[in-house]
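**Student:** take this sequence and fold it.
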Amino acid sequence: MMGYQRTGSGFSLVEVLIAVGLLGLIAAFTIPKLLDGGTKNTQYRKVVQAASVILTSAYAQYKLDNTVSASTSSIDLVPYMDNVEVIDNASLTVDDTQGQPSVSCDTEWGDDILCIRMKNGGVIHFIKNHSFAGTGSLNALFFHVDPDGKYSGSNNGPGKSMSLFLYYDGRMKSFGEITPGTINSVTTFNPTPSEIPSWFSWN
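**Tutor:** Modelled structure (predicted):
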């Protein structure tokens, strides 16, 4: 009786089934992670976009009731921010920008920090007494936005804060888009594209 011999270069049914099973197993572990990453990136982008709307809207409302001057500071806008929670104590720690550690919502590096939690869970944080320091086209207030509203546990990563600059004339820019020589009461800033997370866009 002759034994079975494979005469071609194809695969047997058993081999095909094993290969399909392995591919299915790999897909079961990798596809959810890929989808989750895309979902988080979309969420982070929307949080920062929402923060921009909150800040520009608050500034517009502030200008209706007040005269904006060189001494107008970030904290002056807080009463005009809708649907937010003000956190002014050490009960919350959030991310600083890429390469930096955490920020406590009361004091950091000797500065008074204020945190604003949005309804979407993101947190806007900033130094209270930073002001425009002028009324020109380069004068701006700057804010940080932590998209997931919590400390990620490291100095780098997708959930770190990104910076937004609100200019005296109402423009809003990310750190990578600001005009060279942008200034406030603390220092002068130049565009830093590395500060823009890969997940962010205005669209």
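
**Student:** what residues are up against the residue lying closest to residue 100 once chain neighbours are set aside?
**Tutor:** Distances taken as C-beta to C-beta, 6 or more residues apart in numbering place residue 155 nearest to residue 100, at 6.2 Å, with adjacent residues excluded. The C-beta positions use only the backbone N, C-alpha and C, and glycine is treated the same way. Contacts for residue 155 (C-beta atoms under 8 Å, 6 or more residues apart in numbering) come out as 98, 99, 100, 101.

**Student:** of the residues you listed, grab the buried ones for ChimeraX.
**Tutor:** To isolate the buried members of those in ChimeraX, using 16 or more other C-beta atoms under 10 Å:
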select :98
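
**Student:** go through the contacts of residue 155 and say which is closest to residue 74.
**Tutor:** Of all the contacts of residue 155, residue 74 sits closest to residue 100, with 18.4 Å by C-beta to C-beta.

**Student:** and the closest one, how far is that from residue 16?
**Tutor:** Distance of residue 100 to residue 16, given as C-beta to C-beta, to the nearest Å: 52 Å.

**Student:** just the helices in the chain please.
**Tutor:** 13-65 (DSSP state H).

**Student:** low-confidence ranges, this structure, go.
**Tutor:** 1-11, 24, 26-38, 107-110 (pLDDT under 70).

**Student:** count of neighbours near residue 176?
**Tutor:** Per other C-beta atoms under 10 Å, the neighbour tally for residue 176 reads 15.

**Student:** do the same with the one 3 residues further on
**Tutor:** Residue 179 has 16 neighbours, counted by other C-beta under 10 Å.

**Student:** so it touches residue 165, yeah?
**Tutor:** No - using C-beta atoms under 8 Å, residue 179 is not in contact with residue 165, being 9.0 Å away.

**Student:** name the residues contacting each of these two.
**Tutor:** In contact with both residue 179 and residue 165: residue 173, using C-beta under 8 Å, 6+ apart.

**Student:** can you pull the contacts of residue 60?
**Tutor:** Residue 60 makes contact with residue 170, according to C-beta under 8 Å, 6+ apart.

**Student:** I'd like the distance between it and residue 39.
**Tutor:** Going from residue 60 to residue 39 by C-beta to C-beta gives 32 Å.

**Student:** which residue comes closest to residue 42 once chain neighbours are left out?
**Tutor:** Spatial nearest neighbour of residue 42, excluding adjacent residues (C-beta to C-beta, 6+ apart): residue 199 at 7.9 Å.

**Student:** can you check residue 164 too?
**Tutor:** With sequence-adjacent residues excluded and distances taken as C-beta to C-beta, 6+ apart, residue 164 is closest to residue 143, at 5.0 Å.

**Student:** was I right about that neighbour contacting residue 73?
**Tutor:** No - if you go by C-beta under 8 Å, residue 143 and residue 73 don't touch, sitting 11.7 Å apart.
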